[in-house]
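**Student:** what's the 3D shape of this:
(one chain, ligands or ions: 1)
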Amino acid sequence: MSFKRQHRDILWGGATSASQYEGGWLEGGKGLDTQDCRPYKKRISNATVQTRLLTKSVIEEAKQSEDVHAYPFRFGSDGYHRCLEDIALFQELGLQVYRLSISWARLYPHGDEETASPEGIAYYDQIFQALKKAGIKVFVTMNHYALPLYLVEKYGGWTNRKLIEFYIRFAKTVFEHWGNIIDYYLPFNEINAGYFSPYNGVGLVREEDIPYDQSKVFQSLHHQFVASARVIELGHAMVRGSFGCMIACFCYYPYSSRPEDNFKMVQEENTNQWFCMDVLARGSYPSYMKRFFEERNITLDITEDDVQVLKDHTADFVSFSYYQSSVVTIEEKEKTAGNLVVSTKNPYLKATQWGWQIDPIGLRTTLNKIYDRYQKPVFVSENGLGTKDILTDDFKIHDEYRIKYLQEHFAQIDEAIKDGVDILGYMMWGIVDIVSAGSCEMEKRYGVIYVDADNEGNGTYQRYRKDSFYWYRDFIKGRREDENSIR
Ligand code: BG6
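**Tutor:** Below you'll find the predicted structure:
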């Protein structure tokens, strides 16, 4: 029996995504993408739901609108102009790995061109070279929600098999240009988001007030599965890095010991959480989905080639986002919000200002379960506290609540390592403040680096180190010293 990581030698990192961070929505020849069309709505109870369900008329309005302030992803955190300044801060922080995504529409403005945009390549080239120079490992999410809008309007998003071909072309460009720098690849962010948030996940536009056709949703996901496996096949032949898959994890608990509550939990865990990873890490559709599809009249076009490619090209590592645990019951109980899913309230937990239930032990539980299920190394590719911060008159941010959150979650990571989980690394979400993917707000901040901007895009966009910046810096430094003393 061998356990690869008995010590604490995991990579401590930070993460962002292109659409939430970059801004520069039409600069450098970038094409319009799906996230550029999502409007900010002042906080109303179901704002998150509304900002995720895009209809044709909302997109038409967005395309005509010149009001940049109404569309927060158009300015992001101004990373397009400040990426080098941010990388210098990451270096000061001692980040060992940085997870970023590549904007498909910046490399291929329409998504279906034969060749990539030289300006797009130049933009990412400076980032990869700077990361290399700073000695920071690179973790690339090839596609984190944003899709060139043209692919949605002309081809119907991921419902169309053609997208696999375009996506592989895009991936090949990434391999050819930066394959010698990138260490880890993630073909898709939170692939299970496709059925909670079909616009973000698979580029499906809703007809006004008509619910999504579930066959289309799952067919789109199937195309993403095949695209993921084919990109892994190509990547293994072309580059040295390793390839993962990622889901959003919700750490389900049954509300009571009643067998019905427990079984409902098993079902939700299977379909909402494990399904996509079962396909991508194990190489085939899990048996429980057969009944799920039959009961919903979902029929999929899955070819023999698809079955083979999924089987032959599974992920090298597994990864997940973790923000909250969730409770399941067959009864009607009080609900609260969470990442992608709504949960029954857990009386034992406190929640964030956005209602997400804070549960550090749930992180240890998830790490144990995921490793036990797949027996592949694990990356925590997203975790963090999204909350409001106050910038003081002397430009400080006293976020002791974030430090406490991190301390409690890191303690559970240490426990999971002792439990025998093979953890590759941890990436703090939104290491520099970014626009929220759920509610399109800037003021839901995750970073240890503060960005001076509000929900409407007003502000200087200056960066300020929060108290948690110094804490995380010292934490990483301490861990590195520990590792060196063990060696
Ligand atoms: C994950 C996404 O779902 O959760 C991120 O991968 C997102 O893009 C993160 O930002 C946190 O969600 P939110 O809604 O607070 O931004």
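**Student:** Pull the contacting residues for residue 421.
**Tutor:** Residue 421 makes contact with 367-368, 371, 378, according to Cβ atoms under 8 Å, 6 or more residues apart in numbering. Where you see a C-beta, it was placed from the backbone N, CA and C, and this is true even at glycine.
**Student:** Restricted to strands, list these.
**Tutor:** residue 378 (DSSP state E).
**Student:** What is the most widely separated pair among the contacts of residue 421?
**Tutor:** The distance between the two most remote of the contacts of residue 421 (Cβ to Cβ) is 9.9 Å, for 368 and 378.
**Student:** could you dump the contacts of residue 421 to JSON lines with distance to residue 269 and pLDDT?
**Tutor:** JSON lines is the format used below for the contacts of residue 421 (distance: Cβ to Cβ, whole Å; pLDDT from 0 to 100):
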{"residue": "367", "distance to residue 269": "15", "pLDDT": "98"}
{"residue": "368", "distance to residue 269": "14", "pLDDT": "98"}
{"residue": "371", "distance to residue 269": "16", "pLDDT": "98"}
{"residue": "378", "distance to residue 269": "17", "pLDDT": "98"}
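**Student:** wait, residue 468 sits on residue 407?
**Tutor:** No: using Cβ atoms under 8 Å as the test, residue 468 is too far from residue 407 to be in contact (10.2 Å).
**Student:** higher neighbour count, the two?
**Tutor:** residue 468 (27 against 12; other Cβ atoms under 10 Å).
**Student:** measure that one to residue 91 for me?
**Tutor:** 17 Å (Cβ to Cβ, to the nearest Å).
**Student:** wait, residue 381 sits on residue 246?
**Tutor:** Yes: Residue 381 is within contact range of residue 246, at 5.5 Å (criterion: Cβ under 8 Å).
**Student:** Mutual contacts of those two, please.
**Tutor:** 186, 319-321.
**Student:** Restricted to strands, list those residues.
**Tutor:** 186, 319-321.
**Student:** Just the closest of the residues you listed to the ligand, please.
**Tutor:** residue 321 (5.0 Å; Cβ to the nearest ligand atom).
**Student:** Retrieve the pLDDT associated with the closest one.
**Tutor:** In this model, residue 321 is scored at 98, pLDDT.
**Student:** Helices along the stretch 1-150 of the chain, start to end?
**Tutor:** Listed in chain order, the helices found in the stretch 1-150 of the chain under DSSP state H, counting those that start in this stretch are 18-21, 47-52, 56-64, 79-93, 104-107, 118-134, 149-155.
**Student:** who touches the residue of the stretch 251-400 of the chain found nearest the ligand in this structure?
**Tutor:** Ranked by Cβ to the nearest ligand atom, the top residue of the stretch 251-400 of the chain for proximity to the ligand is residue 386, at 4.3 Å. Listed by Cβ under 8 Å, 6+ apart, the contact partners of residue 386 are 323, 352, 354, 356, 429-430, 436, 444-446.
**Student:** What about the residues you listed, which are in strands?
**Tutor:** residue 429.
**Student:** Of the contacts of residue 386, which ones also sit close to the ligand?
**Tutor:** Checking the contacts of residue 386 against the ligand by Cβ under 6 Å from any ligand atom, the ones in range are 429, 436, 444.
**Student:** wait, doesn't the last one sit right on residue 437?
**Tutor:** No: here residue 444 lies out of contact with residue 437, judged by Cβ under 8 Å, at a distance of 9.7 Å.
**Student:** and these two? which has more neighbours close in?
**Tutor:** The neighbour count for residue 444 versus residue 437, taken as other Cβ under 10 Å, is higher for residue 437 (28 against 24).
**Student:** rewinding a little: for residue 368 and residue 378, indicate the residue with more neighbours.
**Tutor:** Neighbours per residue (other Cβ under 10 Å) separate residue 368 from residue 378, with residue 378 holding more: 24 against 16.
**Student:** That one and residue 477, how far apart?
**Tutor:** Residue 378 is 24 Å from residue 477, by Cβ to Cβ.
**Student:** Could you do residue 136 as well?
**Tutor:** In terms of Cβ to Cβ, residue 136 sits 15 Å off from residue 477.
**Student:** likewise residue 30?
**Tutor:** Distance from residue 30 to residue 477, by Cβ to Cβ: 37 Å.
**Student:** More neighbours: which of these two?
**Tutor:** residue 30 (25 against 13).
**Student:** what's the closest non-adjacent residue to that one?
**Tutor:** residue 106 (4.4 Å; Cβ to Cβ, 6 or more residues apart in numbering).
**Student:** Quick check: the one you found touching residue 118?
**Tutor:** No: the pair residue 106 / residue 118 is not scored as a contact, 11.4 Å apart, by Cβ under 8 Å.
**Student:** which of the two has more neighbours?
**Tutor:** Per other Cβ under 10 Å, whichever of residue 106 and residue 118 has more neighbours is residue 106, with 27 against 12.
**Student:** Residue 87 versus that one, what's the distance?
**Tutor:** Residue 106 is 17 Å from residue 87, by Cβ to Cβ.
**Student:** same deal with residue 164?
**Tutor:** With Cβ to Cβ as the criterion, residue 164 and residue 87 are 33 Å apart.
**Student:** for residue 79, same thing?
**Tutor:** 10 Å.
**Student:** between the two, what contacts are shared?
**Tutor:** By Cβ under 8 Å, 6+ apart, no residue touches both residue 79 and residue 87.
**Student:** between the two, who's got more neighbours?
**Tutor:** Shown here are residue 79 and residue 87; by other Cβ under 10 Å, residue 79 has more neighbours (24 against 21).
**Student:** Now do the contacts for the more buried one.
**Tutor:** 16, 21-24, 86, 432.
**Student:** ditto for residue 81
**Tutor:** 23-24.
**Student:** do residue 20 as well
**Tutor:** Contacts of residue 20 by Cβ under 8 Å, 6+ apart are 35, 73, 76-77, 430, 434-437.
**Student:** Residue 12 and residue 93 touch, don't they?
**Tutor:** No: using Cβ under 8 Å, residue 12 is not in contact with residue 93; the gap is 9.3 Å.
**Student:** quick one: which of the two has more around it?
**Tutor:** Counted by other Cβ under 10 Å, residue 12 and residue 93 do not tie: residue 93 has more neighbours, with 26 against 22.
**Student:** In which helix or strand does the residue lying closest to the more buried one once chain neighbours are set aside reside?
**Tutor:** Nearest non-adjacent residue to residue 93, counting by Cβ to Cβ, 6+ apart: residue 473, 5.0 Å away. Assigned by DSSP states H and E, residue 473 falls within helix 467-486.
**Student:** between that helix and helix 79-93, how many degrees?
**Tutor:** 50 degrees (axes from the mean of the first three to the mean of the last three Cα atoms, to 10 degrees).
**Student:** Ends of stretch 105-113, what's the gap?
**Tutor:** 10 Å (Cα to Cα, to the nearest Å).
**Student:** Okay, strands next: where are they in this structure?
**Tutor:** Using DSSP E, strands in the chain cover 11-15, 97-101, 137-143, 184-188, 242-249, 252-254, 317-322, 326-328, 335-336, 343-344, 378-383, 423-429, 449-451, 463-465.
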